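Chemist: starting from these lines, generate the structure:
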Amino acid sequence: ERRADEPNEVVGYHLEQAHDYRSELGPVDRAVRTLGAEAGERLGRAGVRALARGDSRAAVNLLGRATSLLPSGEALRLELLAELGVAYRLAGELTSATEVLLVAIDEANSVGDRRLSLRAELEYEAVRLSSDPEGAAGRLVEVAERAVPVFEAVGDERALGRAWYLSGFVQGSFYCRNLVHEEAVERALGHYRRSGWPTSTLLQGVCSALFFGPRPVAEAVRRCDELLTHEVSDRVGQAHVIVWRAGLEALAGDFDAARSAIERARSIYIELWQPVTAAISCDQMAGLVEMLAGEHESAERIWRSSAEEFQRRGEWVHLTNRASELADALYAQGRYSEAEEWTRVAIEHSDSDDISAEFTWRSIRAKVLAQAGDLTAAEELISSALTLVDSTDCLNQRANVRLDHARVLQLAGRADAAAEAASAAGSLYEEKGNTVSAERARRLAEG
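Modeler: Residues are numbered from 1 along each chain as shown. This is a model prediction of the structure:
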């Protein structure tokens, strides 16, 4: 302990061992409890540091040991339980995340600590976005709205950063309000900096909003480069930026550079024990690159593997979008019955709060049904998809639905209306800077 340069995990380990041996040998008195508290504090510091650098495996190990040593209801234990929930979520261990966060909520309520109860509740609802998504988006935003004034009153910058980040994630990923998402993440960035936490976690939110939102590709790439230069401080932050920048490069037609960047990001996520993040971001972008390049079979392989992984882990909210994407890759290969089956998977796990999922499966299923000759159902679905997507600021997605509308109209024998829908899609693609898809829409409009 007297060595100032000795890592917390090393000192914590020895204190932990001393505590365990003393507990085995005799009565657990005040001295033994003090040893446990000191060990928990040291291991907790090391665990928080591991989480901050994105190493979820180390964070789970260290924070799990720390919280087991600290007394129930103690503020430090409750803080660390919330962080342990975050670490489990990053590692894709949703059941464990749920369990520790429910314990944190119960203990915080039992000692009357509203701040820490809200912090744990916030993280709990974030886990439910993946494991039990129906209604979770609205609940998370509601918890964040209740929590922010409480966190502000005590100057809890870490908790404020999480509240703005998570509520922003819902605004972008579920409600498709990407400019609102950007604004929320910018607020979170300030809180993270003031709390001393690395901002790397937030960069994924910034970049996904740049990719899906109305910012033109060239502007979005410049912003990604600024983040790489001025904001990225570790490898996980680098991965968060380069994977979305790769998607932007693919929209402009640079497929090889995009593929290379995605694999660099994937290797970082896997090394840091973040397989779910790799499946969410890298697989989404990798499949998109192959679809843009016309390599539909490659896109199918990527998205099928990812969908099966989400099924295995119970990541239902991500499965919905991945199932729709897989259906699209199968449709492009003329495998219509298989595409129809995967749209059913998307529908089964779709959450009414998830606007992105709702318009995506409708759009893809509409052209599947039109191909099968059920034009009435197809036109009803594509009409509702258009209504949903036009409530968003997602230029690419608004264009995608119009392109699918054009295909439905073609199959219905309405060539002029199909050309008009394809032309509208092309205009939106051009506004985004998606030159690859704009050219595809132009060819469809010309017949």
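Chemist: the longest helix in this protein is where?
Modeler: Determined from DSSP state H, the single longest helix within the chain is helix 30-52.
Chemist: report the buried residues of the helix or strand following that one.
Modeler: As assigned by DSSP states H and E, the chain's next helix or strand after helix 30-52 is helix 56-69. Residues of helix 56-69 classed as buried: 56, 58, 59, 60, 61, 62, 63, 64, 65, 66, 67, 69 (neighbour count, 16 or more other CB atoms under 10 Å). All C-beta atoms are positioned from the backbone trio N, CA, C, and that covers glycine.
Chemist: once you drop chain neighbours, what's closest to the fifth one?
Modeler: So that's residue 61. Leaving aside its sequence neighbours, residue 61 sits nearest to residue 47 (CB to CB, 6 or more residues apart in numbering; 7.6 Å).
Chemist: isn't that neighbour up against residue 70?
Modeler: No: applying CB atoms under 8 Å as the test, residue 47 and residue 70 come out as separate, 11.8 Å apart.
Chemist: quick one: common contacting residues for those two?
Modeler: Counting by CB atoms under 8 Å, 6 or more residues apart in numbering, the contacts common to residue 47 and residue 70 are residue 80.
Chemist: which one of these two has more residues nearby?
Modeler: Comparing residue 47 with residue 70 by other CB atoms under 10 Å, the one with more neighbours is residue 47, at 29 against 23.
Chemist: ok, now which ones touch residue 81?
Modeler: Residues in contact with residue 81, defined by CB under 8 Å, 6+ apart, are 67, 100, 101, 103, 104, 107, 120.
Chemist: one more: residue 195?
Modeler: The contact partners of residue 195, by CB under 8 Å, 6+ apart, come to 157, 158, 161.
Chemist: mind checking pLDDT for it?
Modeler: For residue 195, the model assigns a pLDDT of 95.
Chemist: for residue 151, see how far away it is.
Modeler: For residue 195, the distance to residue 151 (CB to CB, to the nearest Å) stands at 11 Å.
Chemist: try residue 339
Modeler: Counting by CB to CB, the gap from residue 339 to residue 151 is 46 Å.
Chemist: can you give me the buried ones in stretch 74-82?
Modeler: Residues of stretch 74-82 classed as buried by neighbour count (16+ other CB under 10 Å): 74, 77, 78, 79, 80, 81, 82.
Chemist: I should have written stretch 177-194 there, sorry.
Modeler: Of the residues in stretch 177-194, those buried (16+ other CB under 10 Å) are 177, 178, 180, 181, 182, 184, 185, 187, 188, 189, 191, 192.
Chemist: cool, stretch 287-298 as well?
Modeler: Neighbour-count burial for stretch 287-298, counted by 16+ other CB under 10 Å, picks out 287, 288, 289, 290, 291, 292, 293, 295, 296, 298.
Chemist: gap between the lowest-mean-pLDDT helix or strand in the chain and the chain center?
Modeler: Of all helical and strand segments in the chain, the minimum by mean pLDDT, DSSP states H and E falls on helix 275-277, at a mean of 87. Between the centre of helix 275-277 and the centre of its chain there are 9 Å (CA atoms, centre = their mean, to the nearest Å).
Chemist: so what touches whichever helix or strand comes after it?
Modeler: The element immediately downstream of helix 275-277 (helix or strand, assigned by DSSP H and E) is helix 283-292. Residues outside helix 283-292 that contact it (CB under 8 Å, 6+ apart) are 243-244, 246-247, 250-251, 253, 255, 258-259, 262, 296, 298-299, 302-303, 305-306, 321-322, 325, 328-329, 332, 436-437.
Chemist: now with 6 Å?
Modeler: 243, 246-247, 250, 255, 258-259, 262, 298-299, 302-303, 306, 325, 436 (CB atoms under 6 Å, 6 or more residues apart in numbering).
Chemist: show me what contacts the closest residue in space to residue 128 that isn't next to it in sequence?
Modeler: Closest residue to residue 128 apart from its sequence neighbours, by CB to CB, 6+ apart: residue 136 at 4.2 Å. Taking CB under 6 Å, 6+ apart, we find residue 136 in contact with 125, 128, 129.
Chemist: distance of residue 136 from residue 353?
Modeler: When distance is defined by CB to CB, residue 136 is 7 Å away from residue 353.
Chemist: what do you get for residue 312?
Modeler: In terms of CB to CB, residue 312 sits 24 Å off from residue 353.
Chemist: what about these two, which has more around it?
Modeler: residue 353 (21 against 10).
Chemist: in three-state terms, label that one for me.
Modeler: Classification of residue 353 using DSSP: H, G, I helix; E, B strand; the rest coil returns coil.
Chemist: for it, give its distance to residue 280.
Modeler: With CB to CB as the criterion, residue 353 and residue 280 are 18 Å apart.
Chemist: what's the answer for residue 424, then?
Modeler: 30 Å.
Chemist: tell me which of these two has more neighbours.
Modeler: Each of residue 424 and residue 280 has its neighbours counted (other CB under 10 Å); residue 280 has more, 25 against 18.
Chemist: leaving out chain neighbours, which residue sits closest to the more buried one?
Modeler: That would be residue 318: by CB to CB, 6+ apart, it lies 5.7 Å from residue 280.
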